[in-house]
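> this one's sequence-less:
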Ligand SMILES: Cc1cc2nc3c(=O)[nH]c(=O)nc-3n(C[C@H](O)[C@H](O)[C@H](O)COP(=O)(O)O)c2cc1C
């Protein structure tokens, strides 16, 4: 599939003797492998001399589920993280400014780089960029060891973000109930259901959206038909049942939090999210998202109370060891998300 080509990038193809522009373009190919809400890839990059600017592409907003663009901005933060890790891996020193003052509309961050020596810094996270995929099926019945969780927690630190693992069984069961309530709340809204269906794809050929083969529990025919069947039928009760079961059986559940709930926190959260997911993937652990309780405002408050949080829950994740090979999803071509300033 042409658009899965993005995942065939090889470290050895780095244009060592090329000019700066070709090097930065190469490294941006790692940035765009980041996860994003509905695989909308709501990012645009502008290269200007030694600065790379990251913009939110607001045309890719899922306006009904996420009118403020919170999840899209988190997704952009994840792409920023990949870019920083790739730059460091190839020896560049970076300085990142989040939401620079008096800047252009939708500018989320700018990274200024200087050349340096290639180093082994962040090697494991860098290699995990190609290993990480969302895994929506049930995981193996195998616990995630405490030392793996500790690595994940420390990877997620930065900008006041914190990864909070859920270790109490009754909290896990309570959260499973709230997630299934969230599915029902969101599924009761026709516009939200239409928005979901609009981002589903029959195959990986389109360059964006979630292909049917990446959804949980679909056989190949169901996967191809998903964009159509989800427009016509209401699967809310099935989602609610299956998400409850997946949550109850999850070897590890956790919540990523931020101190406030501003666009800057969302960029920081995206950076922390990707480092968390890469740290997990580097240790053989994959994840999938269960964000319903954050998207529905009333459930978000209940989640805060359930976990005794003063900070803001942003992302809810399920982790474990996959039972088969995780699948890659397509990406837009780099040229479609790249602006080169004169
Ligand atoms: C902020 C954010 C929110 C997401 N929310 C969901 C979600 O609610 N349900 C889901 O199945 N996947 C969710 N995802 C995962 C994306 O669908 C996934 O990253 C995308 O399809 C690309 O696939 P990949 O992660 O395998 O590369 C979310 C991802 C991000 C970054």
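Here it is on my side, so go on. Everything quoted here is computed from the prediction, not taken from an experiment.
> got the residues of the stretch 101-250 of the chain near the ligand?
133, 134, 136, 210 (CB under 6 Å from any ligand atom). From N, CA and C alone the C-beta is placed, and that goes for glycine too.
> Go again with 8 Å.
By CB under 8 Å from any ligand atom, the part of the stretch 101-250 of the chain that sits against the ligand consists of 132, 133, 134, 135, 136, 209, 210, 214, 215.
> Let me have those residues in TSV, extended by neighbour count and pLDDT.
Listed next are those as TSV, based on neighbours: other CB atoms under 10 Å; pLDDT from 0 to 100:
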residue	neighbour count	pLDDT
132	24	98
133	21	98
134	18	98
135	24	97
136	21	96
209	20	95
210	22	94
214	24	92
215	15	86
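> which parts of the host helix or strand of residue 240 are buried?
Assessed by DSSP states H and E, residue 240 sits inside helix 236-249. Buried residues in helix 236-249, defined by neighbour count with 16 or more other CB atoms under 10 Å: 236, 239, 240, 242, 243, 244, 246, 247, 248.
> ok, now which ones touch the closest residue in space to the second one that isn't next to it in sequence?
Counting by CB to CB, 6 or more residues apart in numbering, the nearest residue to residue 239 once its immediate chain neighbours are dropped is residue 183, at 4.5 Å. Residues in contact with residue 183, defined by CB atoms under 8 Å, 6 or more residues apart in numbering, are 236, 239, 240, 243, 292.
> Just give me the closest of those to the ligand.
If you rank the contacts of residue 183 by distance to the ligand using CB to the nearest ligand atom, residue 292 comes first, at 7.0 Å.
> Assign the residue lying closest to the closest one once chain neighbours are set aside to helix, strand or coil.
Among residues not flanking residue 292 along the chain, residue 182 sits closest, at 2.6 Å (CB to CB, 6+ apart). In three-state terms, and counting by DSSP: H, G, I helix; E, B strand; the rest coil, residue 182 is helix.
> Who are the contact partners of the residue in the chain that the ligand sits nearest to?
As assessed by CB to the nearest ligand atom, the ligand sits closest to residue 35 within the chain, at 2.9 Å. Residue 35 makes contact with 75, 78, 132, 134, 273, 274, 277, according to CB under 8 Å, 6+ apart.
> now the strand or helix carrying the last one, how far from the chain's geometric center?
Assignment of secondary structure by DSSP H and E places residue 277 within helix 263-282. Remark: helix 263-282 is offset 8 Å from the chain centroid, using CA atoms, centre = their mean, to the nearest Å.
> and that helix, what other elements does it pack with?
helix 70-89, strand 93-98, strand 107-114, helix 123-128, helix 146-155, strand 252-258, strand 286-289, strand 312-320 (3 or more CB pairs under 8 Å, 6 or more residues apart in numbering; DSSP states H and E).
> could you check whether it is close to the ligand?
Yes - applying CB under 8 Å from any ligand atom, one finds helix 263-282 touching the ligand at 270, 273.
> same thing with stretch 316-329?
Yes - judged by CB under 8 Å from any ligand atom, stretch 316-329 comes into contact with the ligand at 326, 327, 328, 329.
> quick one: the second one from residue 67, how far?
If you measure residue 327 against residue 67 using CB to CB, to the nearest Å, the figure is 30 Å.
> Comparing the two, which residue is more hemmed in?
residue 327 (14 against 9; other CB atoms under 10 Å).
> where does the residue of the chain closest to the ligand fall, helix, sheet strand or coil?
From three-state DSSP, the assignment for residue 35 is coil.
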